[in-house]
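# based on what follows, work out the 3D shape:
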Amino acid sequence: MRFATVSKSVIAGLALLLASSAFAATKAHLMLQSPTLVNGTQLKAGDYKLEWDGTGPDVEVSVIQGKKVLAKVPAKLVDLKTRAQQDSAIVNTNPDGTPSLAGVHFAGKSFALELPESSDGMQSGSAK
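Sure, this is the predicted structure:
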């Protein structure tokens, strides 16, 4: 009987672990070379962590520095034809001259994040 109790506990624990990992956030790194707008928030040049839930195509991305969420932005996960060679931020220049984050590519990954400000030019203009 004791074996059955232990087995049920192990199975319940594994089920909980698998369920929680299915909803785990995806994390990535973002390095901005210059001040850049993200969903109306001005971010300084520096290192940030990106985090989002789900497999897409529509996700909400949190831009985090330290433990503080600095910005949240809707994004699309898009498939790339080839894996990205390096991490890169795709930055567009707004009509007023301010740079705005339009997307992010991740080294070795065959997907990218596309932000609403982006045009159809996800493949061009890396600001690394």
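# so who does Val61 touch?
Leu50, Glu51, Trp52, Lys72, Val73, Pro74, Ala75, Leu113, Leu115 (Cβ atoms under 8 Å, 6 or more residues apart in numbering). Bear in mind the C-beta positions are built from the backbone N, C-alpha and C, glycine included.
# what's across from it in the sheet?
For Val61, the beta-bridge partners under DSSP bridges are Trp52, Val73.
# can you give me the strands in the chain?
Residue ranges of the strands in the chain, as given by DSSP state E, are 26-32, 36-38, 41-43, 46-52, 58-65, 68-79, 88-93, 99-105, 111-114.
# a markdown table please, covering those strands and showing mean pLDDT.
Below are the strands of the chain laid out as a markdown table (pLDDT from 0 to 100):
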| stretch | mean pLDDT |
| --- | --- |
| strand 26-32 | 92 |
| strand 36-38 | 95 |
| strand 41-43 | 95 |
| strand 46-52 | 96 |
| strand 58-65 | 96 |
| strand 68-79 | 94 |
| strand 88-93 | 94 |
| strand 99-105 | 95 |
| strand 111-114 | 94 |
